[in-house]
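In: next comes the sequence, and after it the predicted model I'd like to discuss.
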Number of protein chains: 2
Amino acid sequence: MKIPPVKGTRDFYPPDMARRNWIIDGWKKASWRNGFEEYDGPIFEYLTMYQIKSGQEIVEQLFSLEDRGGRQLAIRPEITPTLARMVNQQINSLPRPIKWFSVPRLCRAEKPQKGRLREFFQWNIDIIGENAGEADAEIIFTTLDYLRMVGLTGGDIRAKISSRKLLAAVLKDIGIPAEKLDALYVVLDKKPKLPAETFAALLAEQVPDAGQARKILDFMAFDSIERVMEIAGADENVLDAARDLQRVLAILDWMGVGEYCCFDPGIVRGLAYYTGMVFEVHDIAGGLRAICGGGRYDDLLRDFGGPAIPATGMGMGDCVLEILLQARGLLDKQVPQRRLEYFVTVVDRSLESDMYRITAAIRSRGHSANFSYKPGGLSKQLKEAAGQKAEKCVIIGEEFKEHKLVVKDMTTGQQETVSMEEFLNRLGSGQ
Amino acid sequence: MKIPPVKGTRDFYPPDMARRNWIIDGWKKASWRNGFEEYDGPIFEYLTMYQIKSGQEIVEQLFSLEDRGGRQLAIRPEITPTLARMVNQQINSLPRPIKWFSVPRLCRAEKPQKGRLREFFQWNIDIIGENAGEADAEIIFTTLDYLRMVGLTGGDIRAKISSRKLLAAVLKDIGIPAEKLDALYVVLDKKPKLPAETFAALLAEQVPDAGQARKILDFMAFDSIERVMEIAGADENVLDAARDLQRVLAILDWMGVGEYCCFDPGIVRGLAYYTGMVFEVHDIAGGLRAICGGGRYDDLLRDFGGPAIPATGMGMGDCVLEILLQARGLLDKQVPQRRLEYFVTVVDRSLESDMYRITAAIRSRGHSANFSYKPGGLSKQLKEAAGQKAEKCVIIGEEFKEHKLVVKDMTTGQQETVSMEEFLNRLGSGQ
């Protein structure tokens, strides 16, 4: 019986795994150097966890299951609810600000398509316990620090930054009632993905007043915060939110990533839980979905039964990122090729106990080593070593009577005779 | 609303995550130096994948789910079926022997208890395409190479090694019909976990003939292969299987791990798919479940729709291992403590743009750095740095007019004034 993998999932053969490890290692490296500590939660949680605040789209895409005790569970589609639960659990003992990162495996029952799979990895960074714009800037900087580290330039990507607080103030100023905001955000978030007319029709459903709708569209097209402030005139809420965002952009400029950043009031984010800064990173060529997104979510911990503690964060999946890095030629040349270091051979099988002993000695000193499982002559063994792309062959032959080994460089073909002791010394201690 | 984590799962707060990462990094290191390459599959597969050969216990403990397309899926309780599926898919292009490892997250709906959780990580190593005892020895050696690397000695643990082939030959010699073997293995596997009388009763159900049962019990108590060979007399099948196992033990001896190994015909393994060498590693004190187990499974790839290709492997969970390492005092002292390297402070907030610039410069050179999000005096910032356990503080003060920084060692309290250029040069290039 032959069974295929489930649609929308990936098999990671060794070359795929090397790429995945390189991406995840980079995420970890960027997290650590920006002062974040790693956490993780279970792959499944109570279903209700995701029905609180995850937004309708995510709830519809849950892989839900029932365990034998009749508990309603779901495979995690995002890690933010788990983060909120974990932080709430230890809220009194964790020193703040909490700067945490995670690289969870997530599952969503989406229609598989380019850059969207049913199972993927997502880098998450979050700062909890800090309402200053410094924390928002840190989230965006750390994101860009990684993207810059893997070779993406200001010509490749753009962090488009806005603010839910600013948008809310503008919408209030325009006259949209507070209770209509959540539904309106979902519509506004779709603007870049829809034809102008389709979007206009959707917007009209939420905002029937054409004058109000016009003002919303005008706002979403502004390309500087200063312009927003001019228009806002004397509305203090708008001005406050605008100044907060100016501060975030100034910090990013000081940190040297100004060229990657721009104000874009068209960035709304679909999820209900954002309360302040929101951002997405896009490829400038524009052929792909957002590389990542995030923002401030000051009410989420309270919604999960904890105290009201401010928070801001970002999530970046591996699928769109990998497509972009591949397209820019930044993937294969940077993914390290791990080669077998030594292949240990014997001229005569009667020396096999030494072959095993030397293989074990190489390995215990931290270097990779293989040997042939087949009783064959030296040329067969050397062929097998070449097949395994070994860097060097150790040949146990005539010279071994005087405790000497022949070490053959498989790239250059050069051979060297060294004493066993000298050979092992060169390998180091291994720990 | 407050939601607990699901029973039998773990939250990994940063200190827990550091332990988990250290264990998994060790598994990866041991795998690489023993010549294994990493692979992984999806977290869920078609339910039928696990109904083929996983054994009744695992099937009963599946977390199964149905997707919106009505597909019957299950979260993986083990990775061997995925391995079989993946290898079969590329069987003609993969050079052999295939030496692969993985560290999958697995889920089983077991009753949570000491060393058994519903979600855990498992190190898997497998060699596919090789029927020689060398491959079996490699699996056991690699397992012990890891356990020795983390500090467990021959006084702590024992690899108990036997052979299904040997057991089958002995049972045949005793007169047990071939079709009764699978059910009998499940019973024999329980011997160490049950009181002698309970086990005798279970055995009598499978083997009503008291003489035959006696002979099985005698065999399971032998402590040397040579003794088995003496008793077997002229049964060639028994002698063949015994000689194969002798060879495996001889190789392990040559590789320097003989003191960790013993022949133990009481090791049977519950799973139906084993066909040759079987082994488990136990703590010698004996208070814990098996640390790991494995063996040869030459028919599994064929059972999954592929060609008949021999295979041998091992699986080690993180739960029992962590309990043992903790008990031996080998955990906390070896898990690396990651400390924040730099905390950047300013004497006067008017210098904040330099604080951001220097923080970004330190990070881009590969070192971790934080700064205070709060506008406070230097003493407050130094206090925050101490709270974050920073190794060093960078102070931007009076000296900065001459492009100099003060670097304070937070352990010794010593301060040094260095030029900005010199400071950054010392950090290296970061890539």
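Out: Sure, I can see it.

In: all helices of the stretch 51-200 of chain A, in order?
Out: Under the criterion DSSP state H, counting those that start in this stretch, the stretch 51-200 of chain A carries helices at the ranges A:56-60, A:80-89, A:133-149, A:164-174, A:181-189, A:196-206.

In: the residue nearest to A:L47 when sequence neighbours are not counted: what's it in contact with?
Out: Nearest residue to A:L47, sequence neighbours excluded (CB to CB, 6 or more residues apart in numbering or on different chains): A:Q72, at 4.1 Å. Just so you know, the C-beta spots here come from the backbone N, C-alpha and C atoms, and that holds for glycine as well. For A:Q72, the contact set (CB atoms under 8 Å, 6 or more residues apart in numbering or on different chains) comprises A:46-48, A:64, A:66.

In: can we see that at 7 Å?
Out: Applying CB atoms under 7 Å, 6 or more residues apart in numbering or on different chains, we find A:Q72 in contact with A:46-47, A:64, A:66.

In: for the residue of the stretch 101-250 of chain A found nearest chain B, give me its contacts.
Out: Here the residue of the stretch 101-250 of chain A nearest chain B is A:E134; by CB to the nearest CB that distance is 4.2 Å. By CB under 7 Å, 6+ apart, the contact list for A:E134 reads A:251, B:373.

In: need the max-distance pair from the contacts of A:Q72.
Out: A:Y46 and A:E66 (11.3 Å; CB to CB).

In: which residues are in contact with each of these two?
Out: Here A:Y46 and A:E66 share the contacting residues A:72-73, scored by CB under 7 Å, 6+ apart.

In: of the two, which one has the most company?
Out: It is A:Y46, of A:Y46 and A:E66, that has more neighbours when counted by other CB atoms under 10 Å in any protein chain shown, with 17 against 13.

In: and the spatially most central residue of chain A, bridged to which residues?
Out: Nearest to the mean C-alpha position of chain A, by CA atoms, centre = their mean, lies A:W123 at 2.8 Å. In this structure, A:W123 has beta-bridge partners A:M316, where bridges are defined by DSSP bridges.

In: let me see the contact set for it.
Out: With contact taken as CB under 7 Å, 6+ apart, A:W123 is in contact with A:27, A:103, A:315-316.

In: can I get the residues you listed in a markdown table with neighbour count?
Out: Formatted as a markdown table, the contacts of A:W123 follow (neighbours: other CB atoms under 10 Å in any protein chain shown):
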| residue | neighbour count |
| --- | --- |
| A:W27 | 25 |
| A:V103 | 19 |
| A:G315 | 19 |
| A:M316 | 23 |
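
In: what's around the closest residue to chain B within the stretch 301-431 of chain A, how many residues?
Out: Of all residues in the stretch 301-431 of chain A, A:G305 sits closest to chain B, at 3.3 Å by CB to the nearest CB. By the measure other CB under 10 Å, the count of residues near A:G305 is 14.

In: is it true that it touches B:K2?
Out: Yes - with contacts counted by CB atoms under 7 Å, A:G305 reaches B:K2, the gap being 3.3 Å.

In: circling back to that earlier point, how close does the residue of the stretch 101-250 of chain A closest to chain B sit to A:C319?
Out: Taken as CB to CB, to the nearest Å, the spacing of A:E134 relative to A:C319 amounts to 31 Å.

In: which helix or which strand is home to the nearest residue in space to A:R349 that is not next to it in sequence?
Out: Of all residues beyond its chain neighbours, the one nearest A:R349 is A:P375 (5.4 Å), with distances taken as CB to CB, 6+ apart. With secondary structure defined by DSSP states H and E, A:P375 is part of neither a helix nor a strand.
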